[in-house]
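Trainee: The following comprises the amino acid sequence and a computationally predicted model.
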Amino acid sequence: MLVHLKVSLLNSNNTSYFRSMLTVFLFVAYSANAAANTQNEDQRQLLQLVEYIGVDYGAAIENGQVIDSGEYREMRDFAAIIAEKSVAFKLEERSLELLAVQLESAVSEKHSTATIQKLTSQLKTLILKNSPALSLPRSLLSPAQIKRLFQSNCASCHGEFGNGDGILAINLQPKPTDFTDIDRAMNRSLMGIYDVISSGLEGTAMESFKHLTAKQRWSLAFEVGSLAFNSQSEKSLGIVDKYSDAPRANLSIQEWVQFSPKEIIDNRPEISISTVKRLRTNFADWFSSSEQPLAVSRRQLIAALEAFKLSQFKQANTLAVSAYLDGFELIESSLDVYDKPLRKKIEAELLGLRQKLNARTASKKVESSISKIFALLDEADSLLNQSTMSDGTLFTASFLILLREGLEALLVVVALFTILVRSKKEEAIKYVHFGWVAAVLAGAVTWIVAQYLVAISGASREIMEGVAAMTAAIILFYVGFWMHNKSQSDQWRHYIQKNIDRSLTTGTLWGISGLAFIAVYREVFETVLFYQSLMTQAAETQGFVLAGGFLLASAVLVLIGWLIVHYSIKLPIARFFSSTSYLLLILSFILMGKSVAALQEAAIIGISPMPINYELDWLGISSTWQSFSAQLIILLLSIVLILKTQSKVRG
């Protein structure tokens, strides 16, 4: 629909070129996303097979002898599939393929369970190292809701307490899993349980529960994973608790969910069995408190360092990106009010850390970089939390957040509004209103979903914002290009007489709604997150101060919009279209810079710093070669357009 936007303001010879350019961009973005989703599904299927062998191999082989021929045949089949699928993953080294071949050979030669589990653990670690971070819910269902969900969906087969003795179990072959089997539970990851709940298990009565929401499935996975530990003491596990029990021992939830308890204990000797038991049984601890943004940054940086030391370089980079997007970014606006140079310094250090991780710098240098960032975060924390924010500081922060986030969206919406008014198509204005109102509602719904159903990571948020901004930048440049060509009043009157009624078709009007939607939606979700973060720093009695800043910014935005509409309508038609075309070209320039910056923050586009560090946030200008190049293209094309139009006028 956006391709037809043209405000059908497009009857020039360049229409097909720009339409093709936008179509190619959207197709590439869609194709890349679809390919990434397919690869993620393949990785999860491979992980499920690997874990299944690690869990059930002991039921097929004992002391080198087959004790269950059906189970052993299944182990061999799964090992062969893993070896075949591993070839499709184009890693830098062939270690995944080689490990898969070793596993297939070991299963065929009936090696010990310990050997098989060692190989499956190595395979799993390597696959996860090259996989994106999981999307986890921000919260689980209440304990009572989880119990009801288990009883209504699982108890008939697995039994009221998960012992595998439900009323239907007697007629099932193979028998339902006994969730209280401690040996099995020690080798089963929560991610593996979730995948089985989501996709079912072929060859068994276990069906897919995709009709449940992701939050419900994760709640069931955590519940199922806890049942064996609820019925066992530490001594019964046969593992000696040698270490003092730190609360989480810097264990990230990603690591906790992706690896089995045995794998965690084997690879993290500082983590005790009592920690594992407590975290499996009291799983609400992972979701019970809403961490402060800077606490999220610290936790993710610690996890990034640990992943780096384990040579999990991709995971380390993902965690470093999360330290910024899911933590520090949310308090940037507040910190700017206190100390903007400090904010810029922390940003620069976080960028430098990502470069060190990508370059696989020595661990000591990475550790030193993180220590420096911690010191700066402590300084920021002290500024923000030495006391509650003063009324003046809170008011200013609240005012600037909405003004900064809302201005670009306002200018796009107002430009569309005035174009329709000057085109004498006032009846089409409702489509503009529909677009921005729908965007506000969609942004609110997205935030609610992110808060209560599925976690939307900072990286996903930035990708969404970056793609939306780039799409809007291309469309705005095209509309600005078209308007500048029509800026001569004679050309415009001629165009109206011949084309405007035919051009503003229903498809085009919905395209206008689409552009209004994109311009507003990309700002709404992030604005809500910034205000949510700001509220955590305010005292309960400062609600009116926070609201006051919001209302004043709203009033200023309304005033700006009214002034633009009021004075632009009074301009001569040629001056109006010339001025509006400049505005749209400037907005295209700004949005292109911001789109590149957002995709860089999400680690989709690389970051190459320029020799001089500078930043003009209001213009979307930042000191990286990628952002500079993208905006330079827009600038040069705009200059060529303006010079070309001026030469026509002189001729």
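Mentor: That came through, no problem.
Trainee: right, and R138 touches F287 too?
Mentor: Yes. Counting by CB atoms under 8 Å, F287 is a contact partner of R138 at 7.0 Å. (Glycine included, C-beta is placed from N, CA and C.)
Trainee: Kindly report the domain assignment for this structure.
Mentor: Per automatic domain parsing, the structural domains of the chain span 36-129, 143-286, 293-385, 405-650.
Trainee: hey, where'd the strands end up in the stretch 51-200 of the chain?
Mentor: 61-62, 65-66 (DSSP state E, counting those that start in this stretch).
Trainee: between those, which gets nearest to Q122?
Mentor: Of all those, it is strand 61-62 that lies closest to Q122, at 19.0 Å by CB to CB.
Trainee: Report the buried residues of stretch 60-79.
Mentor: The neighbour-count check on stretch 60-79 (16 or more other CB atoms under 10 Å) flags A60, I61, E71, Y72, E74, M75, F78, A79 as buried.
Trainee: chain center to that stretch: distance?
Mentor: Relative to its chain's centre, stretch 60-79 lies at 41 Å (CA atoms, centre = their mean, to the nearest Å).
Trainee: got a list of contacts for it?
Mentor: Here stretch 60-79 makes contact (CB atoms under 8 Å, 6 or more residues apart in numbering) with 49, 52-53, 56-57, 59, 100, 103-104, 107-108, 110-113, 203.
Trainee: and these, which of them are in helices?
Mentor: L49, Y52, I53, D56, A100, L103, E104, V107, S108, T113 (DSSP state H).
Trainee: hmm, back to that, how about the strands of the stretch 51-200 of the chain in CSV, adding mean pLDDT and distance to S638?
Mentor: Conversion of the strands of the stretch 51-200 of the chain to CSV gives the following (pLDDT from 0 to 100; distance: least, CB to CB, whole Å):
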stretch, mean pLDDT, distance to S638
strand 61-62, 88, 70
strand 65-66, 89, 74
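Trainee: could you dump these to CSV with distance to I429?
Mentor: Listed next are the strands of the stretch 51-200 of the chain as CSV, based on distance: least, CB to CB, whole Å:
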stretch, distance to I429
strand 61-62, 73
strand 65-66, 76
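Trainee: of the ones you listed, which approaches E270 most closely?
Mentor: Of all these, strand 61-62 sits nearest to E270, with 32.5 Å by CB to CB.
Trainee: Okay, buried residues for the helix or strand containing W562 please.
Mentor: In this assignment (DSSP states H and E), W562 forms part of helix 543-570. For helix 543-570, burial by neighbour count (16+ other CB under 10 Å) applies to V545, L546, G548, G549, F550, A553, V556, L557, I560, G561, I564, S568.
Trainee: Redo the residues you listed as TSV? Include distance to L134.
Mentor: Compiled in TSV, these are given as follows (distance: CB to CB, whole Å):
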residue	distance to L134
V545	39
L546	34
G548	40
G549	37
F550	35
A553	37
V556	41
L557	38
I560	42
G561	42
I564	45
S568	49
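Trainee: Select from the contacts of stretch 60-79 the one having the most neighbours.
Mentor: Highest neighbour count within the contacts of stretch 60-79: L103, with 29 neighbours (other CB atoms under 10 Å).
Trainee: Inside helices: which ones of the buried residues of stretch 60-79?
Mentor: Per DSSP H, the subset of those in helices is E71, Y72, E74, M75, F78, A79.
Trainee: now the strands for this protein?
Mentor: 61-62, 65-66, 615-616, 621-622 (DSSP state E).
Trainee: Out of those, the one nearest L587 is which?
Mentor: Taking the strands of the chain one by one with CB to CB, strand 621-622 is closest: 13.9 Å.
Trainee: What's the mean pLDDT across that closest one?
Mentor: Averaging pLDDT along strand 621-622 yields 82.
Trainee: ok, that strand: who's next to it in the sheet?
Mentor: Within its sheet, strand 621-622 is paired with strand 615-616 (antiparallel), according to DSSP bridges.
Trainee: Check what contacts the partner strand and list those residues.
Mentor: Contacts for strand 615-616 (CB under 8 Å, 6+ apart): K344, I621, S622, S623.
Trainee: Now with 10 Å, please.
Mentor: The list of residues contacting strand 615-616 from outside it, by CB atoms under 10 Å, 6 or more residues apart in numbering, reads K340, K344, E347, A348, I590, G593, A597, I621, S622, S623.
Trainee: Kindly write the ChimeraX command that selects the buried subset of those residues.
Mentor: Command for ChimeraX that selects the buried part of these, burial taken from 16+ other CB under 10 Å:
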select :347,590,593,597,621,622,623
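Trainee: Which ones among the contacts of strand 615-616 lie within helices?
Mentor: K340, K344, E347, A348, I590, G593, A597.
Trainee: How about the second one: what's its closest non-neighbour residue?
Mentor: Okay, so that is K344. Using CB to CB, 6 or more residues apart in numbering and skipping the chain neighbours, the partner closest in space to K344 is E615 (6.8 Å).
Trainee: separation between that neighbour and I605?
Mentor: Counting by CB to CB, to the nearest Å, the gap from E615 to I605 is 17 Å.
Trainee: Looking at these two, which one has more neighbours?
Mentor: More crowded of E615 and I605, by other CB under 10 Å: I605, with 18 against 15.
Trainee: Give the full set of residues in contact with the more buried one.
Mentor: G466, S595, V596, A597, A598, L599, T624, Q626, S627, A630.
Trainee: Okay, it and L635: tell me how far apart.
Mentor: 19 Å.
Trainee: Tell me the one of the contacts of I605 nearest R354?
Mentor: R354 lies nearest to T624 out of the contacts of I605, by CB to CB, at 12.2 Å.
Trainee: burial count for I401?
Mentor: Residues near I401, counting by other CB under 10 Å, number 23.
Trainee: quick one, what contacts it?
Mentor: Per CB under 10 Å, 6+ apart, neighbours of I401: 332-334, 336, 526-527, 530-531, 533-534, 549-550, 553.
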